[in-house]
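*Asks:* quick one, structure for this:
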Amino acid sequence: MEKKGLLLVLSGPSGAGKGTVCRALLKNEPYLRLSVSATTRTPRPGEVDSVDYFFLDSEVFNKMIKDGDLLEYAKVYNNYYGTPLSFVEKSLKEGRDIILEIDIQGALQVKKKYPEAVLIFIAPPSRFDLKKRLFTRGTDAREVIEKRLRCASGEIKVADRYDYIVVNDQVARAVEQIRSIITAEKSRPHNFKSLLNSFN
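*Replies:* Numbering: from 1, shown residues only. Have a look, this model is predicted:
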């Protein structure tokens, strides 16, 4: 069997619970590795370089963009965030399965550069549930929540460009679905080239 790892991309609207699902998945599946993003913002208290983020200055980040060294990137609140290509490629060659928890714009960039990536859209059970979750979190003002809900409507419209949709009504059930997706993807014929060729 081929040893190359699987690249999983998880994204979805704010409040869908993708972060919670991702953390639960990583906790239960030791073979999975979360990709570390690069950013131009300064580290927050307690953050460690190469663990939480690769903290880079703007000059280095712009050079990475120019040289095509990022799998995806975006500018958010005057800071750049992106996925270093070398980290992902090295991990995949080592046979490690990688998870990217990124926004929808970034996910579609990844699919364009790396068609083998498996895109999973984490969806809320309904608009009502999403609104309830955003208000229950208590971290954002009403106008911010309303903006997030408007964004969610647009984000849901591109869900059909993903390989799979997982409805996060219960975290444990969502995690189990993703585990099933991983098993199915690892059973595709291109993962068994060595075995199939050995019969020629």
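*Asks:* quick one, helices of the protein?
*Replies:* Using DSSP state H, the helices of the chain run over residues 18-28, 58-66, 85-93, 104-113, 127-137, 142-157, 171-186, 193-197.
*Asks:* out of the ones you listed, which gets nearest to Ser50?
*Replies:* helix 85-93 (9.4 Å; Cβ to Cβ). Every residue, glycine included, has its C-beta placed from N, CA and C.
*Asks:* okay, buried residues for the closest one please.
*Replies:* Leu85, Phe87, Val88, Ser91, Leu92 (16 or more other Cβ atoms under 10 Å).
*Asks:* the second one contacts Ser37, doesn't it?
*Replies:* To tie it back to what came earlier, the one meant is Phe87. No. Counting by Cβ atoms under 8 Å, Phe87 sits too far from Ser37 to count as a contact (9.3 Å).
*Asks:* between those two, what contacts are shared?
*Replies:* Phe54 (Cβ atoms under 8 Å, 6 or more residues apart in numbering).
*Asks:* dihedrals phi and psi, the residue nearest to Pro125 when sequence neighbours are not counted?
*Replies:* Leaving aside its chain neighbours, Pro125 sits nearest to Asp169 (4.5 Å; criterion: Cβ to Cβ, 6 or more residues apart in numbering). Asp169 adopts backbone torsions of phi -90, psi -30, taken as degrees, to the nearest 10.
*Asks:* counting neighbours, what do you get for Asp169?
*Replies:* 13 (other Cβ atoms under 10 Å).
*Asks:* same deal with Glu29?
*Replies:* Applying other Cβ under 10 Å, we find 15 residues neighbouring Glu29.
*Asks:* for Phe121, same thing?
*Replies:* Neighbours around Phe121, by other Cβ under 10 Å: 25.
*Asks:* what of the one 3 residues further on?
*Replies:* The burial count assigned to Pro124 is 23, neighbours taken as other Cβ under 10 Å.
*Asks:* who wins for proximity to Leu10 among the helices of the chain?
*Replies:* Closest among the helices of the chain, using Cβ to Cβ: helix 18-28, at 5.2 Å.
*Asks:* looking at the chain, which residue lies furthest from center?
*Replies:* Most distant from the centre of the chain: Asn200, at 38.3 Å, with distances by Cα atoms, centre = their mean.
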